[in-house]
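Student: A predicted structure for the sequence below; I have some questions about it.
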Amino acid sequence: MKKWIFRIGVAIVLLIIIFLSIINWKDCRFWSFNVGTALTLIIALCFAFMGSQYFSDERKTKENVERLIFKLQSEVNKDSFCKISTDTCPETLRAQHMMTTRRISNLISTLEKSASALHFKKEIEYINSEFKQYRELYDEHISDLDYLAKSENTFQNHAEKIDSKCDEIIASLYMKQRKHI
């Protein structure tokens, strides 16, 4: 889609240049220019292009981080993250827990790669420590479904802390952009 918009924009500019050339064909002043003017124009266009590409890449990185954070929030806000039914088969629960923790660990490790560049390293470390505490508590008592069911408030507390820290990261992503410009 973006390629088509770019191609249409280039085509319109070329058509305007051709149109102006046809109208001003006989006017000598239209075709005369000096090298200094041409160099100034080329340098200005290069700087404008590089600047727009830099900010576009930074914006794409922030959007990607934001998408990953939303995925992390959706994982920790699932009922299966906090609520454990005593009717569930322990093997099913173990398999489900392993898949969930693997997904969350992968999201956190992916976010850690961008954390220092986008200035949210402390927040990711906090999320990682909260998730470790959750995982350790869950893993220690994985065979005791009654204890896990009674620990729902503790699991919910970890989920809320992770969720609120994710909100802080999202808010800081775009506020810090204004500080650095």
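Tutor: Sure, I can see it.

Student: go through stretch 123-133 and flag the buried ones.
Tutor: Neighbour-count burial for stretch 123-133, with 16 or more other C-beta atoms under 10 Å as criterion, is recorded at 123, 124, 126, 127, 128, 130, 131. Heads up, the C-betas are built off the backbone N, CA and C, glycines and all.

Student: for stretch 95-105, same thing?
Tutor: 97, 100, 101, 104.

Student: pick the one among the residues you listed closest to residue 56.
Tutor: Nearest to residue 56 among these is residue 104, at 30.1 Å by C-beta to C-beta.

Student: shouldn't the closest one be in contact with residue 128?
Tutor: No - the pair residue 104 / residue 128 is not scored as a contact, 9.9 Å apart, by C-beta atoms under 8 Å.

Student: before we move on, the earlier item: please identify which pair of the buried residues of stretch 123-133 lies farthest apart.
Tutor: Most distant of these, by C-beta to C-beta, are 123 and 131, 12.6 Å apart.

Student: could the buried residues of stretch 123-133 go into a markdown table alongside distance to residue 114?
Tutor: Converted to a markdown table, those look like this (distance: C-beta to C-beta, whole Å):
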| residue | distance to residue 114 |
| --- | --- |
| 123 | 12 |
| 124 | 9 |
| 126 | 16 |
| 127 | 13 |
| 128 | 14 |
| 130 | 19 |
| 131 | 17 |
